Each structure stands twice: as structure tokens, then as C-alpha cells.
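>>> mind folding the following:
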Amino acid sequence: MISPKDPVERDMILFLIENIQKKLSIPINTGYGIKRYENDTYIDGNPWVVTTLWLSEVMFAFVLDLPNGKEGPYAEEVKKIDR
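Residues are numbered from 1 along each chain as shown. Reported below is the predicted structural model:
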């Protein structure tokens, strides 16, 4: 497992989260969901509950492991995720 407390690993986590959001997000209701993979055409490429939950779980665990949460030295990185 990688840890957001390590600067290099934190950058890796942020890179993965941002790429997943950028490449697999599709709007649904007032938020967004995550497709299974790029160019997914099954059921018109709709978001999948499991993939969306996995990303949510990673984002939640990431924020909880930050030293000082939204008020600390990583506040800007957290704001990027909160989009």
C-alpha cells in the first residue's frame, strides 16, 4: 500500500485520482460517476456504482491520512480533489 504521508507516494495518488476523474468521469444528476474504462459503450457507457465507490473510498482515505486535513500544508491538493 502507498501512503499519502510520503511526498512521492502522495503525488502518485493525486496523479491517479486526477487521471481517473479526467478520463472516466461522466455527469449524472448533480455529480458525476465513473465508467469502467475509457470508451466503455456497454449500456451507453453509463457510470458504474462499484467504480464510483472505489474512487470515493480512495479519496476519503486520502483526505483522512493527510496530516492536517483541509487546513494544513496540503490544503491546495485537497481542493483539487474536492472539485
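>>> from the centroid of the protein, which residue is nearest?
Geometric centre of the chain, nearest residue: residue 17, 3.7 Å, by CA atoms, centre = their mean.
>>> distance of that residue from residue 46?
From residue 17 across to residue 46, the span is 21 Å (CB to CB, to the nearest Å). Backbone N, C-alpha and C define where each C-beta goes, glycine included.
>>> and what of residue 14?
Distance from residue 14 to residue 46, by CB to CB: 27 Å.
>>> more crowded one of the two?
residue 14 (17 against 13; other CB atoms under 10 Å).
>>> which helix or strand contains the more buried one?
In this structure, residue 14 is located in helix 7-24 according to DSSP states H and E.
>>> can you give me how far the helix or strand just after that helix is from the chain middle?
Sequence-wise, the next helix or strand downstream of helix 7-24 (DSSP H and E) is strand 25-28. Chain-centre distance of strand 25-28: 13 Å, with CA atoms, centre = their mean, to the nearest Å.
>>> please save the CA atoms from the helix or strand just after strand 25-28 in PDB.
Next helix or strand after strand 25-28 toward the C-terminus (DSSP H and E): strand 31-34. Presented in PDB, the C-alpha positions along strand 31-34 are these (Å, rounded to 0.1, in the frame of the first residue of the first chain):
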ATOM      1  CA  GLY A  31     -22.500  15.000  -9.600                       C
ATOM      2  CA  TYR A  32     -20.500  12.500 -11.700                       C
ATOM      3  CA  GLY A  33     -20.000   8.800 -11.900                       C
ATOM      4  CA  ILE A  34     -17.000   6.700 -13.000                       C
END
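>>> for strand 31-34, name the packing helices and strands.
helix 7-24, strand 25-28, helix 49-65 (3 or more CB pairs under 8 Å, 6 or more residues apart in numbering; DSSP states H and E).
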